[in-house]
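**Student:** make a model of this:
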Amino acid sequence: MITVLYAHPYPNRSIACKALVEAIRPLEGVEVRTLYDLYPDFDIDVPAEQAALEATDALVLLHPIYWYSAPGLLKHYLDVVFVKGWAYGPEGTKLQGKDCLWVATTGGDDEAYSGSGRHEQPFGQFSQPMRQTARYCGMRWLDPFVLHASHQIDAAALAKAAEQLRQRISELKKP
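**Tutor:** Predicted coordinates for the structure are as follows:
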């Protein structure tokens, strides 16, 4: 079982995230939990979410990058669901050993995320909070899947990226 937490605050405006989600949603054994549909008021059903995560073998965090981070609802989700005694700490082993794949879309292209680009850092620098969250909870951090220039990508390149993500998710299901 693979659980995808999809967090896009404006899914109707999304092109890239929408294509990625549509590519993986039909896969057998994949559950896409669209957080902004489930919790538009940010009132997260913590027991239900913890039960969903306990039943999964792999967690996929899929979202656009907002100010070098996750959208607000995903951050809130992590704050209230990944709690001490459940996700970390002496008794917190519910996520331990599960795979964690971070799937992010950015508006900037590869050059924007370089030392000489407008963000002045390689994109990997911005992955540290997600990476450390997964590791702190005992999860296996997988190489992220990042789609840059999502506002400018043409249909062929987007279809190729969606197929690549579909393949990555399919590989997670193999023993």
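**Student:** and the contacts of the lowest-mean-pLDDT helix or strand in the chain?
**Tutor:** Ranking every helix and strand in the chain by mean pLDDT, DSSP states H and E puts strand 145-147 at the bottom, with a mean of 94. Strand 145-147 has contacts (CB atoms under 8 Å, 6 or more residues apart in numbering) with 16, 20, 101-106, 123, 153, 158, 161, 164-165, 168. Any C-beta I mention is one placed from the backbone N, CA and C, and that applies to glycine too.
**Student:** pull up the pairing partners for that strand, direction included.
**Tutor:** strand 99-105 (parallel) (DSSP bridges).
**Student:** chain center to the one helix or strand residue 76 maps to, what's the gap?
**Tutor:** Assigned by DSSP states H and E, residue 76 falls within helix 72-81. Distance, stretch centre to chain centre, for helix 72-81: 12 Å (CA atoms, centre = their mean, to the nearest Å).
**Student:** mind checking how far the least confident helix or strand of the chain is from the chain centre?
**Tutor:** Between the centre of strand 145-147 and the centre of its chain there are 10 Å (CA atoms, centre = their mean).
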